[in-house]
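**Q** here is my input; please provide its structure:
(chains A and B)
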There are 2 protein chains.
Amino acid sequence: MFEEKLKEFEPIFYPKSVAIVGASATSIKAGSLWVWALSSAGFPGLIYPVGSSGGRIANLEIFPNLRLVPGEVDYVIVAIPRQSVLEILDDCVTKHAKAVQFFTAGFSEMDAQQGHKLEEQMLEKARQGNVRIIGPNCIGVYCPEHKIPFLMGILGESGSVGFVSQSGGIATKLVTTGIARHINYSKGVSFGNGIDLDASDFLQYLAADSKTKVIGAYLEGTRDGARLFNTMKEVAKVKPLVVWKGGRTEAGAQAAMSHTGSLASSAAIWSAMLKQAGAIEVHSLEELTDTLLIFQQLNHWQGTSTAIIGGLADGGGGNSVSAGDACMENGLRVPPLSLETKQELSELLGEVGSILRNPVDVSQAQFRGLATLFQAIDLVARDTVIDIVLIQEDMDILLPIYSQKGLEEINEFFIELGSRQNKPIIVILPPGSAEPERLQIEQKLLAASIPVFCSMERAAKAIYKLNQYSCWQEAK
Amino acid sequence: MFEEKLKEFEPIFYPKSVAIVGASATSIKAGSLWVWALSSAGFPGLIYPVGSSGGRIANLEIFPNLRLVPGEVDYVIVAIPRQSVLEILDDCVTKHAKAVQFFTAGFSEMDAQQGHKLEEQMLEKARQGNVRIIGPNCIGVYCPEHKIPFLMGILGESGSVGFVSQSGGIATKLVTTGIARHINYSKGVSFGNGIDLDASDFLQYLAADSKTKVIGAYLEGTRDGARLFNTMKEVAKVKPLVVWKGGRTEAGAQAAMSHTGSLASSAAIWSAMLKQAGAIEVHSLEELTDTLLIFQQLNHWQGTSTAIIGGLADGGGGNSVSAGDACMENGLRVPPLSLETKQELSELLGEVGSILRNPVDVSQAQFRGLATLFQAIDLVARDTVIDIVLIQEDMDILLPIYSQKGLEEINEFFIELGSRQNKPIIVILPPGSAEPERLQIEQKLLAASIPVFCSMERAAKAIYKLNQYSCWQEAK
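**A** Down below sits the predicted model:
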């Protein structure tokens, strides 16, 4: 599907050469930042800085204008005032560039009439000269596999999550959150006003791209709703598509108007459209990244019968109660364990103080040592009535009881269990008063492909969405 | 109101002497942990360890039984198997102890019939002997002012937030989260099965206690719904009362049954009751602590006209859009700034790329230096149409642009602004890829009484609740 996009977008996500218009040897400009970012990221293609100052930057010659660049130029990044954009477009056409990304802002998002007119002139020139435009008012492409970082040189590991974002700020936050939470991107794009290539084009490309397994999108508006709807419908057939629509309220919509010139239509229309297209709607950065994380780790997963294990050291009671609420209120099932499991658990832990239903409070294990704790968790995970295992790990209680060494053993067991079990093992690691230790454990678990969430609510919401997609796929 | 409770509860929250039954010189038992916790916290009263082993613990003599303790005993902590609880109660009566807290578990929460019978016998003995019971199945009292820590020796600073919790685990998490987020407690209690003193009693005490300005509660059920309702109604008249009801769902309610022996009634009934009592309902630990934090800092605040300031360095566009959505969807207003402010802002920042509506994108200030940034924020904060100022600070973008030094200046400005302005300045500090730096800034702001939240949604929800209470108070 959309296979034709692969060739067309090759020079955008895997350019052999990039020219940056607006670099300077003497002053810090956005163009210069791009040169440094590409160069220090180890971009494998050729980098051509262009700027009227001449001189050198990052050990590269600055060409006084684009036409003087010696070789071929696949991709052009433009970061100069808007007065010169038409002229630059002429240069791009002359150089047979395949695509040009305008960081330059101040178009329809600022001045509905003048800005819009200028955008139309740009588009006309681009169409005639056979060059595609990304933006204006955007930070463009992110492709860790091809060492294309974001503006400030931000570059995470290469992975299987693709994204499109109308906002550069949110695109950047997706990437930095990804670095923190081990959400690794295949590629992504911030496309701003999207006057030529827009959400539909990039979504089609990501649907065709074999490296991309799941797609996230932050959208504020579109100039062609029908095309976007049809695209989403096609894309969602082959890959999970998670969409965050910004500008759902009056305040948000007004900001969207001055941000990307988007005329945001009503939130209800968008929700209905997303539902019909089979896309998964989310409402915040947290929800978007939670959902991308769970799809990245599990991709397709069906089953909502959840075991909730708490009280690893102590304090499991209230946490079990509230975890049960959080899961059920967010659409998961928390079924009783099988009689066999219950019996084995009570033989192992005794009945005093333990809740041997589900949620399971294993706090009695603390008096019998870690081996017993692991055995208890293993018993629950093996129960055939259970599809998915959620473990509540509270550093504030675990650390004083088991100390750093015990904690490491416990988390190594989770990793081992996750690799051994063919059902998802997910850890809830709420913040508290031992943040450095908590962050360390979080990194370790995430690196071993164990999904980690900071609250039961967020985990349950994400798991429910995973199931929604599988059900929808099956019902098709 | 409830003034009589002050004298009655004095020996519970400010005991002159505490006996701990179940201490051991040789093995680690819960009783020993309590001795160590009180002793190392610097508890100013007398500590009497009691245990059949004899010997010494934490430089204190262990008395073989409670009756042999030489002086008066205000408060007794019991951590021995349940077979001996009636005997211990006799000893408490003999010693004229005022109150006894049972850590001991295994009563009605485990065995409906036998456990319940034992509880009734305990209650009868206590009534006859004029001693009050806290628990069983609980970790009891937390009072930083009187250096009474929680079980593991956890002790934060003394403050103005009171809490009652049926769950010891959740009580502990409230305290550790408090330490992390500078929510400082006047006193709190985990009362477990609450067979004698229960939520109503402690709520009445906290309502009378002059040190307590706002009260949080985690409840699973009650044995006297009418009394709890009437108490909440009275308490909410004088202090904000924030209630998290656990066991709202089938899974949660089942866990509550085996946790504190609570027969949880329907979530709808509780919600209606809380609403009618004027209490503020929350649904998670995050919501509870967010709400307590905002009440602690602002206590009474009326006004939902919010200014949202973003793009401190860059990337303000999409964040402004989504922040506008988050605030409006959670009940806040995001009004246009006054014409005067808009004009002054556009003179200061120029119009290019800035969103000079509200949400306000101040990203243009980055090209003009920090003084301009501060001036812009100051202008917005001073606008008389604005009640409350929310500032979006994203470390992932700020740190590479302003570095550590600039970042410190920025946050010092927020602190200075907060102390100068008579309207709330609230900072949104989302997690990302610079966690150590973010945690440091968070601590600094919180220490200076600037409320900090990790997402706009959570801040908006808490502010809305603050306003709900003020409106309800006014409407009375």
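
**Q** quick check: which helices or strands does the helix or strand of chain A with the lowest mean pLDDT pack against?
**A** In chain A, no helix or strand scores lower on mean pLDDT, DSSP states H and E than helix A:250-260, which sits at a mean of 75. Where contact means 3 or more C-beta pairs under 8 Å, 6 or more residues apart in numbering or on different chains; DSSP states H and E, helix A:250-260 is packed against helix B:316-329, strand B:360-361. (Glycine included, C-beta is placed from N, CA and C.)

**Q** give me the number of residues near A:L293?
**A** 24 (other C-beta atoms under 10 Å in any protein chain shown).

**Q** for it, which non-adjacent residue is closest in space?
**A** Residue nearest to A:L293 in three dimensions, not counting chain neighbours: A:I183, with 5.2 Å by C-beta to C-beta, 6 or more residues apart in numbering or on different chains.

**Q** what are the ranges of the strands in the stretch 251-400 of chain A?
**A** Taking DSSP state E, counting those that start in this stretch as the criterion, the stretch 251-400 of chain A carries its strands at A:280-282, A:306-310, A:360-361, A:388-392.

**Q** possible to save those as CSV with mean pLDDT, distance to chain B and mean neighbour count?
**A** Output for those, formatted as CSV (pLDDT from 0 to 100; distance: least, C-beta to the nearest C-beta, whole Å; neighbours: other C-beta atoms under 10 Å in any protein chain shown):
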stretch, mean pLDDT, distance to chain B, mean neighbour count
strand A:280-282, 96, 11, 22
strand A:306-310, 95, 8, 27
strand A:360-361, 90, 8, 30
strand A:388-392, 96, 10, 24
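
**Q** domain parsing for chain A?
**A** Following automatic domain parsing, one finds the domains of chain A at A:4-134, A:140-298, A:306-475.

**Q** so, low pLDDT: which residues of chain A?
**A** A:258, A:260-265, A:315, A:351-355, A:476 (pLDDT under 70).

**Q** which residues are contacting the longest strand anywhere in it?
**A** Ordering each strand of chain A by length in residues (DSSP state E) puts strand A:158-165 first. Residues external to strand A:158-165 that are found in contact with it (C-beta atoms under 8 Å, 6 or more residues apart in numbering or on different chains): A:144-145, A:171, A:174, A:178, A:183-191, A:199, A:202-203, A:206, A:209, A:211-219, A:292, A:295-296, B:318.

**Q** report the angle between the helix or strand following it and helix A:250-260.
**A** Going down the chain from strand A:158-165, the next helix or strand is helix A:168-181, by DSSP states H and E. On the basis of axes from the mean of the first three to the mean of the last three C-alpha atoms, to 10 degrees, helix A:168-181 is oriented at 100 degrees to helix A:250-260.

**Q** distance between the next helix or strand after helix A:168-181 and the chain's centre?
**A** The C-terminal neighbour of helix A:168-181 among helices and strands, as given by DSSP H and E, is strand A:185-190. Its chain's average C-alpha position is 9 Å from that of strand A:185-190, according to C-alpha atoms, centre = their mean, to the nearest Å.

**Q** could you do stretch A:194-211 as well?
**A** 16 Å.

**Q** then it to CSV, C-alphas only?
**A** The C-alpha trace of stretch A:194-211 is given here as CSV (Å, rounded to 0.1, in the frame of the first residue of the first chain):
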residue,chain,number,x,y,z
GLY,A,194,1.8,21.8,5.4
ILE,A,195,1.1,23.8,2.2
ASP,A,196,2.3,21.0,-0.1
LEU,A,197,3.2,17.8,1.7
ASP,A,198,0.9,17.4,4.6
ALA,A,199,-0.2,14.8,7.1
SER,A,200,-1.8,12.6,4.5
ASP,A,201,1.4,12.4,2.4
PHE,A,202,3.6,11.5,5.4
LEU,A,203,1.1,9.0,6.8
GLN,A,204,1.0,7.2,3.4
TYR,A,205,4.8,7.1,3.4
LEU,A,206,5.0,5.7,7.0
ALA,A,207,2.3,3.1,6.1
ALA,A,208,4.5,1.9,3.2
ASP,A,209,7.8,2.2,5.2
SER,A,210,8.8,-1.3,6.3
LYS,A,211,10.8,0.1,9.3
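
**Q** and A:L228, how far is that from chain B?
**A** Taking C-beta to the nearest C-beta, to the nearest Å as the measure, A:L228 falls 18 Å from chain B.

**Q** oh, that last question was meant for A:V164, not what I typed.
**A** Remark: distance between A:V164 and chain B (C-beta to the nearest C-beta) = 12 Å.

**Q** what bridges to that residue?
**A** A:V189, A:A217 (DSSP bridges).

**Q** please report the distance of the residue nearest to A:L293 from B:S433.
**A** Separation of A:I183 from B:S433 (C-beta to C-beta, to the nearest Å): 11 Å.

**Q** what touches both of those two?
**A** If you check A:I183 and B:S433 against C-beta under 8 Å, 6+ apart, the residues they both contact are A:T177.

**Q** now the strands of the stretch 251-400 of chain A as a markdown table including distance to A:L339?
**A** Output for the strands of the stretch 251-400 of chain A, formatted as a markdown table (distance: least, C-beta to C-beta, whole Å):
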| stretch | distance to A:L339 |
| --- | --- |
| strand A:280-282 | 37 |
| strand A:306-310 | 15 |
| strand A:360-361 | 14 |
| strand A:388-392 | 19 |
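
**Q** those strands: which one's closest to B:R458?
**A** strand A:280-282 (16.0 Å; C-beta to C-beta).

**Q** circling back: residues near the residue nearest to A:L293, how many?
**A** So A:I183, with other C-beta under 10 Å, has 28 neighbours.

**Q** A:K173 is in contact with that one, correct?
**A** No - A:I183 is not in contact with A:K173 according to C-beta atoms under 8 Å; the separation is 11.6 Å.

**Q** next, give phi and psi for A:F63.
**A** phi -90, psi 140 (degrees, to the nearest 10).
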